[in-house]
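J.: just need the structure, nothing else, for what follows:
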Amino acid sequence: MIFPAMRDSAIAAFLCVVPMLAWGPALIEGFQGQSTATRPAKAASIQTKLAPIQVDFRDVAEKAGLTAINVTGGSDHKKYILESTDAGVAIFDFDNDGLMDVFLVNGTTLDGKGPGEKSTSHLYRNLGNLRFEDVTAKSGLGRTGWGQGACVGDYDNDGLRDLFVTYYGHSVLYHNEGGGVFRDVTKEAGLSSDAVRWDTGCSFVDYDLDGKLDLVVTGYLDFDRTRIPEPGAKSTCQWKGVPVFCGPRGLPPGRNFLFHNKGDGKFEDVSAPSGIGQPTGCYGFTVVASDFDNDGYPDLYVACDARPSLLYHNRKNGTFEEIGILSGTALNEDGEEQAGMGVAVADYDEDGYFDILKTNFSEDTPNLYHNSKDGSFFDEVYAAGLGVRNQFLGWGALFLDVDHDGRKDILLVNGHVFPEVDRMSGGPKYRQQRLLFWNVGGGKFKDLSDSAGPGIKAAWSSRGAAAGDLDNDGSLEVVINNLGNRPSLLKNFGTKKNWLLVQLRGVQCNRDAVGARAYVFVGARKLSGEVQSGASFLSQNDSRLHFGLAEEASYSRIEVKWPGGETETFPGGAANKIVLLEQGKGSLKAR
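T.: Here you go, the predicted structure:
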């Protein structure tokens, strides 16, 4: 985590003058020292006449049966940075019964004793009506260790969703065998490593559009307890004069990996030839794949702690070009490094290009990188109204339509890394409330955090968060992993309008349709959604696409842009339904 006083002013001064140029072969060749981008026009004013919405998020985790306690090192003191970072959440339907299940990543203790001895990750089967059963024991997922994150993808296209879990130590690929059983296939899949790594984020992505899901994995740092200084031993081991754990500054950064799916359940490490494995100095957390320039190929965005974040542009030939600084997505609007944690990607203003939301350390703001459609982004965090609370340390980040008005709102989950802050006066707290920003249109958001219900106001030290419709009622729930405590399950009991839930199934492309985009035409509006793997903070959202239809009781049509394929049109229908769209069953749209 980077602290404001530690920012590298020399780099920041240089980066303030780096131009933001269009992607493609001319990106570097066209550099002449002047920006070719123009700042997008702003909406004239916030829509102040909109009636306030009723949002009422309540935590129903205990009633639902989500009660497993997260164990991540010490509770009132953390000697090493390893004790501060986990853990992710995955929402997915592992048994194909139409109900979204929940997987919670867990950590352990430094000596592996006490609470850490039995602190496995947990798989909860959805029984319906927001009731869950802990099926960890028979699932094969009951591993104890320093779990970090999780992502989901049917990498062998057999119709069962598989699970990748990142660890400090050795990450694991679990193949879904059916019947609620998962098998560790890491070694036979070619993903095992003799070296101890601190893997954090992961995402399944078909980067070469061959119909098979590949895997990208981010690394945080090279962690060796025998070489880590004691808390307070160096300037990088203090915070506001208080001795705290060391890092990440002063410790060697980790590496990012890309594994190509060869078929037959096998992967090959293409990190070096693809460019993903080149040293960047990034302390990597969340990685999200999305087609930011609408060229049909997925790009990769990595949130980096204490370093400029990374944007890997897909060159369409199996290689990537890192253009975070040139694109404007590496730093804040002042050219300063930040402590990137979580990432959410969506087209929040429905202008046809997907934007990036990133969470950061306390005494800072999140980033809202607006896509300028020419390969450059501008940080609109203040113009959008998101820069109003800088005392929070952000982790999970979600775009979700809480009131079904057709606009994507923002939910951020927070929690400090140092339990010691509770012994300081006048500063941030270790446990922090969540933040909810309502999208009022025109690129603007309104802070509703203090009126959005007890589930938002409650203070926790939270990390991973994932959104999904857990009871199939058309409204998204949010599952949050809380350090040293049980998880939260937030359900919105407020007023909501019409909705549509779209599940995509690939045939020529990967079966999970990761990378596909759906466009719902309703009234005079065109609403978008993209199927993604890893997101938020080291987590996995429900892969079904949720659309708020406002007052409209029906939609006119849905257009789906499949990965590597044509755009298909599917007929309209009534609102308030879950629809399954299979590739090849619609009408092809002329290019």
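
J.: how about Leu137, phi and psi?
T.: One correction, residue 137 is Ala, not Leu. phi -60, psi -40 (degrees, to the nearest 10).

J.: count of residues packed around Arg423?
T.: The local packing of Arg423 (other C-beta atoms under 10 Å) involves 11 other residues. C-beta here means a position set from N, CA and C on the backbone, and glycine is covered the same way.

J.: identify the residues contacting it.
T.: Val242 (C-beta atoms under 8 Å, 6 or more residues apart in numbering).

J.: confidence score at the closest residue to Tyr168 other than its chain neighbours?
T.: Spatially, and ignoring its direct neighbours in sequence, Tyr168 is nearest to Trp146 (3.9 Å; C-beta to C-beta, 6 or more residues apart in numbering). You'll see Trp146 listed with a pLDDT of 98.

J.: can you tell me how far Trp146 sits from Asn106?
T.: Remark: distance between Trp146 and Asn106 (C-beta to C-beta, to the nearest Å) = 9 Å.

J.: and Phe285, by the same measure?
T.: 18 Å.

J.: quick one on the thing from earlier: now do the contacts for the residue nearest to Tyr168.
T.: 82, 86, 107-108, 167-169.

J.: what does Ser475 give?
T.: 404, 469, 491-492, 496, 499.

J.: contacts only, for Cys542.
T.: Slight slip there: residue 542 is Asp, not Cys. With C-beta under 8 Å, 6+ apart, Asp542 has these contacts: 91-92, 100, 466-469, 476.

J.: ok, which pair from those residues is furthest apart?
T.: Farthest pair in the contacts of Asp542 (C-beta to C-beta) is Phe92 and Leu476. Separation: 14.5 Å.

J.: the two: which has the busier surroundings?
T.: Ranked by neighbour count (other C-beta under 10 Å), Phe92 and Leu476 place Leu476 first, with 28 against 25.

J.: wait, what's in contact with the more buried one?
T.: Applying C-beta under 8 Å, 6+ apart, the residues near Leu476 are 400-402, 467-469, 492, 542, 546.

J.: repeat that with 6 Å
T.: Shown in contact with Leu476 (C-beta atoms under 6 Å, 6 or more residues apart in numbering): 400, 467, 469, 546.

J.: of the residues you listed, which is the most crowded?
T.: Of all these, the most densely surrounded is Ala467 (25 neighbours; neighbours counted as other C-beta under 10 Å).

J.: spell out the residue ranges of the helices in the chain.
T.: Secondary structure of the chain (DSSP state H): helices located at 9-15, 26-29, 61-64, 136-139, 271-274, 324-327, 454-457.

J.: out of these, name the one with the poorest average pLDDT.
T.: helix 26-29 - the lowest mean pLDDT of the helices of the chain, at a mean of 31.

J.: tell me the spacing between Gly88 and Phe437.
T.: For Gly88, the distance to Phe437 - C-beta to C-beta - is 22 Å.

J.: higher neighbour count, these two?
T.: Gly88 (34 against 25).

J.: from what I can see the more buried one touches Ser539, true?
T.: Yes: if you go by C-beta atoms under 6 Å, Gly88 and Ser539 touch, sitting 4.3 Å apart.

J.: between these two, what contacts are shared?
T.: Gly464.

J.: against Lys429, how distant is Pro366?
T.: Pro366 is 19 Å from Lys429, by C-beta to C-beta.

J.: neighbour count winner among those two?
T.: More crowded of Pro366 and Lys429, by other C-beta under 10 Å: Pro366, with 28 against 18.

J.: could you find the closest non-adjacent residue to the more buried one?
T.: The nearest residue in space to Pro366 (C-beta to C-beta, 6+ apart) is Thr359, at 5.1 Å.

J.: who does the residue nearest to Leu300 when sequence neighbours are not counted form a beta bridge with?
T.: Distances taken as C-beta to C-beta, 6+ apart place Tyr312 nearest to Leu300, at 4.1 Å, with adjacent residues excluded. Beta-bridge partners of Tyr312, counted by DSSP bridges, are Leu300, Glu322.

J.: again, but for Phe399
T.: Under the criterion used here (DSSP bridges), Phe399 is bridged to Ile410.

J.: for the residue nearest to Tyr348 when sequence neighbours are not counted, give its distance to Ala346.
T.: Spatial nearest neighbour of Tyr348, excluding adjacent residues (C-beta to C-beta, 6+ apart): Lys408 at 4.8 Å. From Lys408 across to Ala346, the span is 5 Å (C-beta to C-beta).

J.: quick revisit: what separates the residue nearest to Leu300 from Val288, distance-wise?
T.: 11 Å.

J.: neighbour count winner among the two?
T.: Val288 (29 against 26).

J.: that one contacts Val345, doesn't it?
T.: Yes: with contact defined as C-beta under 6 Å, Val288 reaches Val345; the gap is 5.0 Å.

J.: okay, and the beta partners of the residue nearest to Phe103 when sequence neighbours are not counted?
T.: When the adjacent residues along the chain are set aside, Phe103 lies closest to Ala90, with 4.1 Å between them (C-beta to C-beta, 6+ apart). Ala90 forms beta bridges with Phe103, Gln540, as assigned by DSSP bridges.

J.: pLDDT score assigned to Ala90?
T.: What the model reports for Ala90 is a pLDDT of 98.

J.: number of nearby residues for it?
T.: 32.

J.: let me see the contact set for it.
T.: Contacts of Ala90 (C-beta under 6 Å, 6+ apart): 103, 150, 152, 540.

J.: how near is the closest residue to Leu160 other than its chain neighbours to Asn314?
T.: Spatial nearest neighbour of Leu160, excluding adjacent residues (C-beta to C-beta, 6+ apart): Asn176 at 3.8 Å. Here Asn176 is placed at a distance of 28 Å from Asn314 (C-beta to C-beta).

J.: please apply the same query to Asn541.
T.: 22 Å.

J.: settle it for me: which of the two has more neighbours?
T.: Using other C-beta under 10 Å, the more surrounded residue of Asn541 and Asn314 is Asn541, with 30 against 25.

J.: I'd assumed Ala466 was in contact with that one.
T.: Yes: taking contacts as C-beta under 6 Å, Asn541 lies within contact range of Ala466: 5.0 Å.

J.: so what sits against both of these two?
T.: With C-beta under 6 Å, 6+ apart as the test, Asn541 and Ala466 reach no residue in common.

J.: list just the nearest of the contacts of Asp542 to Ala272.
T.: Of all these, Ala272 sits closest to Phe92, with 31.1 Å by C-beta to C-beta.

J.: if I pick that closest one, what's in contact with it?
T.: 152, 161.

J.: how close does it sit to Val217?
T.: Taking C-beta to C-beta, one finds Phe92 at 18 Å from Val217.

J.: could you do Pro253 as well?
T.: 14 Å.

J.: got it, and Gly328?
T.: To Val217, Gly328 is 25 Å away according to C-beta to C-beta.

J.: same check on Leu588?
T.: Relative to Val217, and taking C-beta to C-beta, Leu588 is found at 36 Å.

J.: more neighbours: these two, which one.
T.: Set Leu588 next to Val217 and count neighbours by other C-beta under 10 Å: Val217 wins out with 27 against 11.

J.: my guess is Arg161 contacts Tyr155. True?
T.: No: with contact defined as C-beta under 6 Å, Arg161 does not reach Tyr155; the gap is 9.2 Å.

J.: neighbour-wise, which of the two wins?
T.: Tyr155 (28 against 22).

J.: circling back to that earlier point, between Lys408 and Ala346, which is the more surrounded one?
T.: Ranked by neighbour count (other C-beta under 10 Å), Lys408 and Ala346 place Lys408 first, with 26 against 22.
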